[in-house]
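Below are the sequence and a predicted model for it; my questions follow.
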Amino acid sequence: MPILTIESTCDETAAAVIANDGTVLGQCVATQEALHERFGGVVPEVAARAHLERILPVIDTALSQSGIAAGQLDAVAVADRPGLAGSLLVGLVCAKTLAVAWKKPLVAVNHLHAHLYACQMAVTESVYPCVGLVVSGGHTSLYHCTSPLDLAYLGGTIDDAAGEAFDKVAAMLGLGFPGGPAVSKWANRGDRNAYSFPRSMVHDDNFDFSFSGLKTAVRYAIVGPGHQDFPKLDVPEKTKADLCASFEAAVIDVLVAKCERAVAKCRCRRLIVGGGVAANGYLREQLQTSAVENDYTLTVAPMKLCTDNAIMGAIALEKIRRGEFASLDLDVTPGLQRGF
Ligand code: KG4
Ligand code: ZN
């Protein structure tokens, strides 16, 4: 029997109906990009209120697309961690309410594990064991994955996520929100060696990342060293392209280096990569080169499953197979600590 999956961890309200063989029967994503654009980042309170308005219509759309009635569902699944507390709460309360009203079991999924499961959904063979990189607006983490649900945290960012750095650099240059796709477009026209931005922690013998110093380095390259104020500057097009290209190269050099280190340390022959930043063309290209040079297989999430969606909530089917259901007193786990 099919399941309903709900995703509301950050700023996309999403639902999907998925058959027990993984076939997607219906799905809907309502993005909040336009609401957050003028702030240059996601405003948690605005996000939570927008989820509240959208969640029922989004679920209705996914269900009617699938032609499945509520009574025919096997379970209601929801991402309960990590994410913005208010956003998570809307999804969880909605999922619990529907589970009670429809007399269905509740399944809780980890949003980061779901991002990686999107890679398994792209191929027919098992991707496990492997190293998994989640690289998104809120997270940059490496795992040793022995199954879809067995993931050992290797390391992650000690400050900003890679996607957050893309968004903030885009905001500095007035490129709009979300910044990743815009920065990437400008980067393709620029010189990746024009600025020598820091590759923080790249030589450290661990699996951690740091992107906040890089953000500051880009800021100083625009306004001058030591300047805290940020006047609206008319940055020439060539400079904009070079800044984006050099910034993108700095982020991706570190991501690729740490992935190579993790693959070697875990003696894995495969790397899987999910999350919004996995949509980045230069990252995909550089990882593919690394995979050939270091003799591992690269599986990146399909483009439409990189940014937040409810299809990757199909990981709930793996939990159901293991008999792992959630109780109705479940609370959200925003997870401000590292190591999810
Ligand atoms: O996975 P996601 O939708 O949300 C979180 O779980 O955080 O990721 C959104 C992030 C944003 O920071 C966005 O700028 C980034 O993914 N992103 C990209 C690209 N497309 C989206 N970053 C770099 N290059 C892209 N093409
Ligand atoms: Zn995400």
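Perfect, I can see it now. Bear in mind the structure is a predicted one, so any value in this text is a computation, not a measurement. Ligands and ions are numbered 1, 2, ... in the order given.

got the contact list for the residue of the stretch 101-250 of the chain at minimum distance from ligand 2?
The nearest approach of the stretch 101-250 of the chain to ligand 2 comes at Ser136, 4.4 Å away (C-beta to the ion). Every residue, glycine included, has its C-beta placed from N, CA and C. Ser136 makes contact with His115, Ala161, Ala162, Gly163, Gly275, Gly276, Val277 under the criterion C-beta atoms under 8 Å, 6 or more residues apart in numbering.

Okay, and which of these map to helices?
Secondary structure from DSSP state H places His115, Ala162, Gly163 of the contacts of Ser136 in helices.

Need the nearest residue in space to Asn280, chain neighbours excluded.
Ser184 (5.5 Å; C-beta to C-beta, 6 or more residues apart in numbering).

Tell me who's in contact with Tyr195.
Tyr195 neighbours (C-beta under 8 Å, 6+ apart): Ala217, Ala221, Asp242, Leu243, Ser246, Phe247.

Enumerate the positions of the helix or strand hosting the first one that are buried.
Secondary structure assigned from DSSP states H and E places Ala217 in helix 212-223. Of the residues in helix 212-223, Gly213, Leu214, Lys215, Ala217, Val218, Arg219, Ala221, Ile222 count as buried by neighbour count, 16 or more other C-beta atoms under 10 Å.

what about Arg189, which SS state?
Under DSSP: H, G, I helix; E, B strand; the rest coil, Arg189 falls in the coil class.

Quick check: nearest residue in space to it, chain neighbours excluded?
Closest to Arg189 by C-beta to C-beta, 6+ apart is Ala241, at 4.3 Å.

Lys258 too?
Lys258 sits nearest to Phe207 (C-beta to C-beta, 6+ apart), 5.8 Å away.

Over to that neighbour. Which of the three states is it?
With three-state DSSP as the criterion, Phe207 reads coil.

Might one say that it is in contact with Ala257?
No. Using C-beta atoms under 8 Å, Phe207 is not in contact with Ala257; the gap is 10.5 Å.

So these two - more neighbours on which side?
Using other C-beta atoms under 10 Å, the more surrounded residue of Phe207 and Ala257 is Phe207, with 22 against 15.

between the contacts of Ser136, which has the most around it?
Going by other C-beta under 10 Å, His115 tops the contacts of Ser136 with 31 neighbours.

Which pLDDT does the model give that one?
pLDDT for His115: 98.

shift numbering so it begins at 694
Got it, the first residue is 694 from now on, which makes the last one we talked about His808.

dump the residue contacts of it.
His808 neighbours (C-beta under 8 Å, 6+ apart): Val827, Ser829, Gly967, Gly968, Ala994, Met1005.

go with 6 Å
Val827, Gly967, Gly968 (C-beta atoms under 6 Å, 6 or more residues apart in numbering).

Can you list the low-confidence ranges for the protein?
For the chain, applying pLDDT under 70 flags the ranges 921-925, 1029-1030.

As a check, name the ranges of all helices in it.
Using DSSP H, helices in the chain cover 726-729, 737-759, 778-795, 804-813, 855-865, 872-880, 905-916, 930-959, 974-987, 1008-1014.

ok and the residue in the stretch 844-993 of the chain nearest ligand 2?
For the stretch 844-993 of the chain, C-beta to the ion, closest residue to ligand 2: Gly968, 5.7 Å.

Distance of the nearest residue to Glu857 once chain neighbours are set aside relative to Lys789?
Spatially, and ignoring its direct neighbours in sequence, Glu857 is nearest to Gly830 (5.8 Å; C-beta to C-beta, 6+ apart). When distance is defined by C-beta to C-beta, to the nearest Å, Gly830 is 26 Å away from Lys789.

Same question for Leu847.
33 Å.

Ile945: what's it in contact with?
With contact set as C-beta under 6 Å, 6+ apart, Ile945 has these partners: Tyr975, Leu976, Gln979.

From these, pick the one nearest Thr702.
Leu976 (21.8 Å; C-beta to C-beta).

From Thr1026, how far off is that closest one?
For Leu976, the distance to Thr1026 - C-beta to C-beta - is 28 Å.

ok, the residue positioned nearest the centre of the chain - contacts?
Central residue of the chain (C-alpha atoms, centre = their mean): Gly968, 2.8 Å from the mean position. Residues in contact with Gly968 (C-beta under 6 Å, 6+ apart) are His808, Val827, Val828, Ser829.

State the distance from the second one to ligand 1.
What that stands for is Val827. According to C-beta to the nearest ligand atom, to the nearest Å, Val827 and ligand 1 sit 8 Å apart.

wait, doesn't that residue sit right on Leu805?
Yes. The pair Val827 / Leu805 is scored as a contact, 4.9 Å apart, by C-beta atoms under 6 Å.

what do these two both touch?
With C-beta under 6 Å, 6+ apart, Val827 and Leu805 have no common neighbours.

interface residues of the stretch 894-1033 of the chain facing ligand 2?
For the stretch 894-1033 of the chain, the contact set with ligand 2 under C-beta under 5 Å from the ion comprises Asp1001.

for Val783, what are its contacts?
Applying C-beta under 6 Å, 6+ apart, the residues near Val783 are Ser701, Ala741, His744, Leu745, Ile748.
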